[in-house]
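Enquirer: Sequence and predicted model, in that order:
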Amino acid sequence: MIAEAHGHGADELCEDGLKLYERALREGGVPQQEAATTPCLRRLGLLQPDASDTRWLRPLPPAVGLSRILGSLAEDIARKRRRETRLAGMLEPLIELDAQRAISTGALTFTVLSGLENINARIAELTAKSGEELLTVQPGGRRPPKILNAVHAQEQDLLSRGGRMRTLYQHTSRHDLGVLAHYEQLDGDVEVRTLDEVPHRMVILDRSMAFIPAGEDRSTALEVHHPAVISYLAGTFDILWRMATPMYPETVQPPTINGITSRQRAIATLLIEGHTDTAIADRLGMNVRTARVHIAKLASTLGSESRAQLGYLIGRSGILEEEREAEE
């Protein structure tokens, strides 16, 4: 307790203890009662009882004291290292066992990837190891030729190994000749379909691993290997795939009902939900100007003279109910 009051352990030398030891060296000793508040001197062996008069403490020569202290520290360090080695030898096999358990139970099945370049590199790496199926969701409409050219080789390699590709785009991609040309250049089992709206980007490989966004932008992604999550993502893709309209190799145009195109019906749905032009454009993978052109055509078809009236006319026209009946 006295040592703790001085702010150090009993095996350390404090400032007060050092001053008392210096005095003992000068005077040849100090009364034992004066060392009661500095027990570190006794514990370190720097002050020892006088054999002829136990009321006094005599100083051990500094050189001898230092040698003893360093020797004790070295022995303590060696003892702790032996303990460290013994514990490591006992626990290392268990660390390996736990790692295998974590893999088998799916505990290590999510990894966050940062940076678009790192994300694409990781997707390319795992695509090169896959050989069954590549399922992809690509929102946003047009894809730059640079990106399409970058993935052409890895997609063709997958197809050459007997794999198949299924890709979902938004309907706006139907006007991107570069996208269509990209798939025409691939040799293998390739199909492309489109929807008005699709989820965020998603890549599923062999229904055993997937990549999904980990943030609002494309700078981070989540690499997923959890079987239950993969099953859910692949099942979602299958549902969307059945709802989508073929684009390649078979091209089917989305149906027009009573002069209203599929895209205009999608816009009509978002309009009556109260979305802005910008939000509608983002949801449907087009720019705001194009969205407004379609809104104007829809208004003209329904005879609307204002935005408020357009919502009313959409509801009264029944075009959205007709679409659901056509799908059924």
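Expert: Okay, I see it.

Enquirer: pLDDT on stretch 187-205, on average?
Expert: Stretch 187-205 comes out with an average pLDDT of 91.

Enquirer: gap between the two ends of that stretch?
Expert: Length of stretch 187-205, first residue to last, C-alpha to C-alpha, to the nearest Å: 19 Å.

Enquirer: shift numbering so it begins at 67
Expert: Yes, from this point I'll number from 67; that puts the last item at stretch 253-271.

Enquirer: Now do the strands in this structure.
Expert: Under the criterion DSSP state E, strands of the chain are mapped to 96-97, 113-115, 122-125, 176-180, 199-204, 230-236, 255-261, 268-271, 275-279, 286-290, 311-314.

Enquirer: Adjacent strands (with direction) for the third one?
Expert: Strand pairing for strand 122-125, using DSSP bridges, gives strand 96-97 (antiparallel), strand 113-115 (antiparallel).

Enquirer: who touches the shortest one?
Expert: For strand 96-97, contacts defined as C-beta atoms under 8 Å, 6 or more residues apart in numbering pick out Leu86, Arg89, Ala90, Leu113, Arg121, Trp122, Leu123. Glycine gets a C-beta too; all of them are placed from N, C-alpha and C.

Enquirer: Considering those, which possesses the most neighbours?
Expert: The most crowded member of the contacts of strand 96-97, judged by other C-beta atoms under 10 Å, is Leu113 (27 neighbours).

Enquirer: Specify the beta-bridge partners of it.
Expert: Where Leu113 sits in a bridge, its partners, by DSSP bridges, are Pro125.

Enquirer: now do Val96
Expert: Beta-bridge partners recorded for Val96 (DSSP bridges): Leu123.

Enquirer: how near is it to Gly111?
Expert: Val96 sits 15 Å away from Gly111, going by C-beta to C-beta, to the nearest Å.

Enquirer: higher neighbour count, these two?
Expert: Val96 (21 against 13).

Enquirer: hang on, the earlier thing: lowest average pLDDT across the strands paired with strand 122-125?
Expert: strand 113-115 (a mean of 88).

Enquirer: So for stretch 86-99, what gets flagged as buried?
Expert: Applying a neighbour-count criterion of 16 or more other C-beta atoms under 10 Å, one finds Leu86, Tyr87, Ala90, Leu91, Gly95, Val96, Gln98 buried in stretch 86-99.

Enquirer: among those residues, which are in helices?
Expert: Among those, DSSP state H puts Leu86, Tyr87, Ala90, Leu91 in helices.

Enquirer: Pipe these into TSV and attach pLDDT per row.
Expert: TSV is the format used below for these (pLDDT from 0 to 100):
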residue	pLDDT
Leu86	90
Tyr87	88
Ala90	88
Leu91	90
